[in-house]
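Undergrad: Starting from these lines, generate the structure:
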Amino acid sequence: MEHNEIIRSEENLTNKREQKIPVILLDRSSVPAANLLNQNDWENNNSKRIVDSCQTYLGFVYYTYTKLEKALNKTALQSLCAHHKSTLLDQWNHTPFKIEKISCLAEVPEIHLSMLGFFSGIKSFLDLLVELLSTEQIIASNVHGFHEKGDKIIRQLNNNVSKSKQDIAKKMAALLIQEKEDWINDVIRIRDDLLVHPKKGLSQVLIPVHLKNQDKVLHVEFASPILHEEYFQKTAAHIENFTKNFLSILKPKLIKQ
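TA: Presented below is the predicted three-dimensional model:
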């Protein structure tokens, strides 16, 4: 055995002896996702890996939702936009302008990036979750994401399933059809058209600014964008309920009634 080969063999033995168990300290926002998606509940190794990734992205969705919930609070929004208010007041005090002739909007990158993370996180989560339909052998062919807003998955559930899995496939297709109508189509449209692939001329998410001239004193207030706090609350609830229903069909013992 050559000297270099001896060294490599010794390195391999050392690496094996020094292998350590990874311990991940979860962020607070990841705990609900971990309670819902635990890879130890799955026997198939490919399913385990997918579930682990699903947990990560669902936790990320919860994290960005929490950020948005705080940022879109009326008081917090005024604080985030305080520098914009100072700019407007400085301009007003220097040279008053006719507020009836302008429509004022404010950039707040923190809100834009949180929305981008929220919607992109949901799409990535859906891409991963439906891959379980392949690893758990519901769909006979490989599944590579939530394409065509889920329509491709529905076609596969209707046309590419063994007889023993047809009951599960029928329930899953019905679930996806309903969830698409209720919220998924809207989420993917917002992600694609406004955030990930914006049309020419579209800017980042902007905050409406309400201006009022009262006795020659300018009053400035920042309003929630079109996608307000309640929208994100409802969407977060939708994704949690959908995940529970998806798992209850795929693996009923996982979800406690």
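Undergrad: so where does the nearest residue to Leu254 once chain neighbours are set aside fall, helix or strand?
TA: Distances taken as Cβ to Cβ, 6 or more residues apart in numbering place Leu247 nearest to Leu254, at 5.0 Å, with adjacent residues excluded. To be clear about C-beta, it is placed using only N, CA and C from the backbone, and glycine gets the same treatment. Using DSSP states H and E, the element containing Leu247 is helix 229-250.
Undergrad: circling back to that earlier point, what count of nearby residues applies to the residue nearest to Leu254?
TA: Using other Cβ atoms under 10 Å as the criterion, Leu247 is surrounded by 19 other residues.
Undergrad: quick one on the thing from earlier: what is the helix holding Leu247 packed up against?
TA: Judged by 3 or more Cβ pairs under 8 Å, 6 or more residues apart in numbering; DSSP states H and E, helix 229-250 is in contact with helix 31-36, helix 45-71, helix 109-129, helix 166-179.
Undergrad: go with 7 Å
TA: When contacts are defined as 3 or more Cβ pairs under 7 Å, 6 or more residues apart in numbering; DSSP states H and E, helix 229-250 sits against helix 45-71, helix 109-129, helix 166-179.
Undergrad: Hmm, Ser162 is touching Ser141, no?
TA: No: counting by Cβ atoms under 7 Å, Ser141 is not a contact partner of Ser162; they are 11.3 Å apart.
Undergrad: Point out where the stretch 151-257 of the chain drops to low pLDDT.
TA: 200-203, 255-257 (pLDDT under 70).
Undergrad: same thing but at 80, please
TA: Per-residue confidence of the stretch 151-257 of the chain (counting by pLDDT under 80) places the weak regions at 196-204, 226-228, 253-257.
Undergrad: Skipping adjacent residues, who's closest to Ile190 in space?
TA: The spatially closest residue to Ile190, leaving aside those adjacent along the chain, is Phe119, at 5.7 Å (Cβ to Cβ, 6+ apart).
Undergrad: Need the per-residue pLDDT for that neighbour.
TA: In the prediction, the pLDDT value recorded for Phe119 is 94.
Undergrad: one step back: isn't the residue nearest to Leu254 up against Glu240?
TA: No: with contact defined as Cβ under 7 Å, Leu247 does not reach Glu240; the gap is 11.1 Å.
Undergrad: what's the span of stretch 215-225, first residue to last?
TA: Stretch 215-225 stretches 28 Å from its first residue to its last (Cα to Cα, to the nearest Å).
Undergrad: Not counting it itself, show me its contacts.
TA: Under the criterion Cβ atoms under 7 Å, 6 or more residues apart in numbering, residues 72, 77-78, 81, 85, 88-89, 92, 106, 205-212 lie in contact with stretch 215-225.
Undergrad: So which of those residues are in helices?
TA: Secondary structure assignment by DSSP state H places 77-78, 85, 88-89, 92 of the contacts of stretch 215-225 in helices.
Undergrad: Please list only the buried members of these.
TA: Burial by neighbour count, 16 or more other Cβ atoms under 10 Å: within the ones in helices among the contacts of stretch 215-225 this picks out 77, 85, 88, 92.
Undergrad: Redo the residues you listed as a markdown table? Include pLDDT and distance to Gln55.
TA: Conversion of these to a markdown table gives the following (pLDDT from 0 to 100; distance: Cβ to Cβ, whole Å):
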| residue | pLDDT | distance to Gln55 |
| --- | --- | --- |
| Leu77 | 91 | 31 |
| Lys85 | 95 | 41 |
| Leu88 | 94 | 44 |
| Trp92 | 93 | 50 |
